[in-house]
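In: Predicted model follows, preceded by the sequence.
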Protein chains: 2
Amino acid sequence: MREAYRDQLGQLANQLADMCSMVGDAMALATRALLETDLALAEQVIGDDSKVDDARAKAEEEAYALLALQAPVATDLRTVLAVIHAAESLERMGDLALHVAKTARRRHPNPVLPEPVKAYFAEMGKVACKMAAQAEEVIRTQDVKLARELDETDDEMDDLHRHLFTVLMDRQWEHGVAAAVDVTLLGRFYERFADHAVSVANRVVFVVTGKMPGYDTDEL
Amino acid sequence: MREAYRDQLGQLANQLADMCSMVGDAMALATRALLETDLALAEQVIGDDSKVDDARAKAEEEAYALLALQAPVATDLRTVLAVIHAAESLERMGDLALHVAKTARRRHPNPVLPEPVKAYFAEMGKVACKMAAQAEEVIRTQDVKLARELDETDDEMDDLHRHLFTVLMDRQWEHGVAAAVDVTLLGRFYERFADHAVSVANRVVFVVTGKMPGYDTDEL
């Protein structure tokens, strides 16, 4: 019984790690769709989002079954609940990649991004994917130190986000309000994606250490 | 034992309902701070946000204790998990009210909102508070029909949000890009607040009916 429980928990952790990889790939493709004005890529991300939703539903169902059948306590209970929370964050990360892809589709065949902000989004896309990969690694290794590194990567994202706003707010901005609105929302999608990646990692830290680091501080 | 369990669950539901009322009040005050350029109100919302965070931590802790001590199954298990999810959504609603208040503070003594969009935010504020009140009512009554009404109120919010974008995208917009960026983010905060209220109500529906309505479809 006990061993079966460990196996199931290990499988659940694997599913979560796979979800990290799914949403990281989705964000990578969505970013390319955005930068390269590539409708086919955008459609691919949009079509694939239901796979993330399904993976989340499956993980949640299995976590519920574990709770009902094994009635875990203490650390085991915390672990299963962390899985449920992390799966929710990961689905949300998938949704945010979806939003990026939908923005690219909505403006096609026109590009969404004016030239001066393209480099920011290329970089934010890279950082977002790095964070999804780091979160995956944290789940697979339960390495608390690595989880803290995610905070540093999140700082990179926040810096990029802040600089992006400086560009937007500059009186020299000559790309109109419609583009500014798109850029504002897109910036927020990447920043929230990063926040959720931190939140996933923090849940793992909670399981390992019993202490929840401060999380989900999305400052503008 | 069984009775103690019911009591604890009832208390938890009360705490959630109280959280609805807290975040509804926070959004009402934040909206006034925004519309009336009132720094003191903004500071009040910002100072009070930790109360929502504490209420969430308390609800989550008690839900964990219930799971550990009573090991509920079937509907009882679903109920406790719904509480955990709903508490998370409610904390997020508090964060969104906080963001509105922080935006008002950041621009003070200047108003954030250009005249032509003020009426939209007055209305979005009203709808947001109505939804928090409806979610509270759903929790207190477990009335599934009422939960469906929240979807309709959410449609009102989506309509307002869409119209707001039409105003922003209009070539006549003469309030500059910085104001447009603020309005874009603020619009998103209200719309997300509404989405989370729907999500809270849907969790109650799930407990009562065993079926999860489609939720969290934040379309732009």
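Out: Done, it's in.
In: Show me the residue of chain A that gets nearest to chain B, please.
Out: residue A:71 (3.5 Å; C-beta to the nearest C-beta). Every C-beta, even on glycine, is put in place using the N, C-alpha and C of the backbone.
In: The closest residue to that residue other than its chain neighbours: neighbour count?
Out: Distance criterion C-beta to C-beta, 6 or more residues apart in numbering or on different chains; nearest residue to residue A:71, sequence neighbours excluded, is residue B:71 at 3.5 Å. Using other C-beta atoms under 10 Å in any protein chain shown, residue B:71 has 16 other residues around it.
In: Please report how far residue B:71 lies from residue A:73.
Out: 8 Å (C-beta to C-beta, to the nearest Å).
In: now swap in residue A:25 and tell me
Out: 36 Å.
In: For residue A:7, which residues are in contact?
Out: Under the criterion of C-beta atoms under 8 Å, 6 or more residues apart in numbering or on different chains, residue A:7 has no neighbours.
In: One more: residue A:81?
Out: Residue A:81 touches A:63, B:64, B:67, B:84, counting by C-beta under 8 Å, 6+ apart.
In: Tell me where chain A has helices.
Out: A:2-36, A:39-70, A:74-107, A:115-141, A:144-169, A:176-209 (DSSP state H).
In: mind listing what's buried in the second one?
Out: Within helix A:39-70, the residues that qualify as buried are A:41-42, A:45-46, A:48-49, A:52, A:55-56, A:59-60, A:62-64, A:66-67, A:70, counting by 16 or more other C-beta atoms under 10 Å in any protein chain shown.
In: Give me the neighbour count for residue A:174.
Out: The local packing of residue A:174 (other C-beta under 10 Å) involves 10 other residues.
In: where does it fall, phi/psi-wise?
Out: Here is the backbone geometry of residue A:174 (degrees, to the nearest 10): phi -120, psi 20.
In: May I have the phi/psi pair for residue A:112?
Out: According to degrees, to the nearest 10, residue A:112 has phi -80, psi -40.
In: Quick check, it in contact with residue A:181.
Out: No - checked against C-beta atoms under 8 Å, the pair residue A:112 and residue A:181 is beyond contact range at 10.5 Å.
In: ok so, going back, let me have the contacts of residue A:81 in CSV, extended by distance to residue B:95.
Out: Formatted as CSV, the contacts of residue A:81 follow (distance: C-beta to C-beta, whole Å):
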residue, distance to residue B:95
A:63, 25
B:64, 22
B:67, 25
B:84, 17
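In: what's the most distant pair in the residues you listed?
Out: A:63 and B:64 (14.0 Å; C-beta to C-beta).
In: for chain A, what are the low-confidence residue spans?
Out: Where chain A drops to pLDDT under 70, the residues are A:1, A:212, A:214-220.
In: Which positions in it make contact with chain B?
Out: Residues of chain A found near chain B (C-beta under 8 Å from any C-beta of the partner chain) are A:64, A:67-68, A:71, A:73-74, A:77-78, A:81, A:84-85, A:88, A:95, A:99, A:102-103, A:165, A:168-169, A:173, A:177-178, A:180-181, A:184-185, A:188, A:216, A:218, A:220.
In: Distance to residue B:140 for the helices of chain A - can I get that in CSV?
Out: Shown next, in CSV, are those (distance: least, C-beta to C-beta, whole Å):
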stretch, distance to residue B:140
helix A:2-36, 34
helix A:39-70, 25
helix A:74-107, 25
helix A:115-141, 38
helix A:144-169, 38
helix A:176-209, 30
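In: between those helices, which gets nearest to residue B:199?
Out: Each of these has some distance to residue B:199 by C-beta to C-beta; the shortest is helix A:74-107, at 10.2 Å.
In: Just the buried residues of the closest one, please?
Out: Applying 16+ other C-beta under 10 Å to helix A:74-107 flags A:76-105, A:107 as buried.
In: burial of the closest residue to residue A:132 other than its chain neighbours, as a residue count?
Out: Among residues not flanking residue A:132 along the chain, residue A:24 sits closest, at 3.0 Å (C-beta to C-beta, 6+ apart). Residues near residue A:24, counting by other C-beta under 10 Å, number 23.
In: list the contacts for residue A:24?
Out: Here residue A:24 is in contact with A:128, A:129, A:132, A:133, A:136 (C-beta under 8 Å, 6+ apart).
In: what do you get if the cut-off is 10 Å, keeping everything else the same?
Out: Shown in contact with residue A:24 (C-beta atoms under 10 Å, 6 or more residues apart in numbering or on different chains): A:93, A:97, A:128-136, A:193, A:197.
In: out of those, which is most surrounded?
Out: Highest count within the contacts of residue A:24 by other C-beta under 10 Å belongs to residue A:135, 34 neighbours.
In: okay but that residue is in contact with residue A:200, surely?
Out: Yes - between residue A:135 and residue A:200 there is a contact at 4.6 Å, judged by C-beta atoms under 10 Å.
In: Quick check: neighbours shared by those two?
Out: A:16, A:19, A:20, A:23, A:86, A:89, A:90, A:93, A:147, A:150.
In: Now the last one: closest residue in space that isn't a chain neighbour?
Out: Spelled out, it's residue A:150. Per C-beta to C-beta, 6+ apart, closest to residue A:150 is residue A:201, 4.6 Å.
In: cool, and the third one?
Out: Excluding its sequence neighbours, the residue lying closest to residue A:20 (C-beta to C-beta, 6+ apart) is residue A:136, at 3.6 Å.
In: mind checking how far that neighbour is from residue A:206?
Out: According to C-beta to C-beta, residue A:136 and residue A:206 sit 17 Å apart.
In: Kindly report the same for residue A:54.
Out: From residue A:54 to residue A:206 the distance is 26 Å (C-beta to C-beta).
In: ditto for residue A:3
Out: Using C-beta to C-beta, residue A:3 is found at 24 Å from residue A:206.
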